[in-house]
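Participant: quick check, what structure comes out for this input:
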Amino acid sequence: MPRRNRPGRRSDGGPPERELGAATGWARAESGSDGDWLVRTVPGAQAGKTYRCPGCDHEIRPGTPHVVVWPADETGSVADRRHWHRACWDARARRRPNRRR
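Facilitator: Sure thing, here's the model as predicted:
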């Protein structure tokens, strides 16, 4: 008999947890010491422009997979989005954004 795939339940018996935007597949919520953020992964095939990572101040060239982050609160807007290398985003607690130019 085939197995039925069902979403996992939380340990308290409540409904399954879902990432913010999981239904649309566009973003997930992340929390850190610097606040709450919405994070969207950009695969290399969809990265068509050059951006500058605020974590290392190096360019993110077209074709390079990376993440786009913006504040999760209502004050965040399109102008607040930043493109980060995944490793730089993950290391932001240990290494603050810098500008070398």
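
Participant: ok, and what's touching the longest strand seen in the chain?
Facilitator: The strand of greatest length in the chain, counted in residues with DSSP state E as the criterion, is given as strand 35-42. Outside of strand 35-42, the residues that reach it under the criterion CB atoms under 8 Å, 6 or more residues apart in numbering are 20-21, 26-31, 65-73, 76, 83, 86, 89. No exception for glycine: its C-beta is placed from N, CA and C like everyone else's.

Participant: before we move on, what about stretch 51-71?
Facilitator: 30, 35-45, 47-50, 76-78, 80-86, 88-89, 91-92, 95, 97-101.

Participant: separate out the buried members of the residues you listed.
Facilitator: Burial by neighbour count, 16 or more other CB atoms under 10 Å: within the contacts of stretch 51-71 this picks out 30, 37-40, 42, 47, 76, 82-85, 88-89, 92.

Participant: residue ranges of the helices in the chain, please?
Facilitator: Secondary structure of the chain (DSSP state H): helices at 86-90.

Participant: low-confidence ranges, it, go.
Facilitator: Residues of the chain that meet the criterion pLDDT under 70 lie in 1-25, 74-76, 96-101.

Participant: quick one, strands of it?
Facilitator: Counting by DSSP E, the chain forms strands over residues 28-32, 35-42, 51-52, 59-60, 66-71, 82-84, given from the N-terminal end onward.

Participant: which neighbours does the first one have in its sheet, and in what orientation?
Facilitator: The one in question is strand 28-32. Partner strands and pairing direction for strand 28-32 (DSSP bridges) are strand 35-42 (antiparallel).

Participant: could you check the angle the strand it pairs with makes with strand 66-71?
Facilitator: Inter-element angle recorded for strand 35-42 and strand 66-71: 150 degrees (by axes from the mean of the first three to the mean of the last three CA atoms, to 10 degrees).
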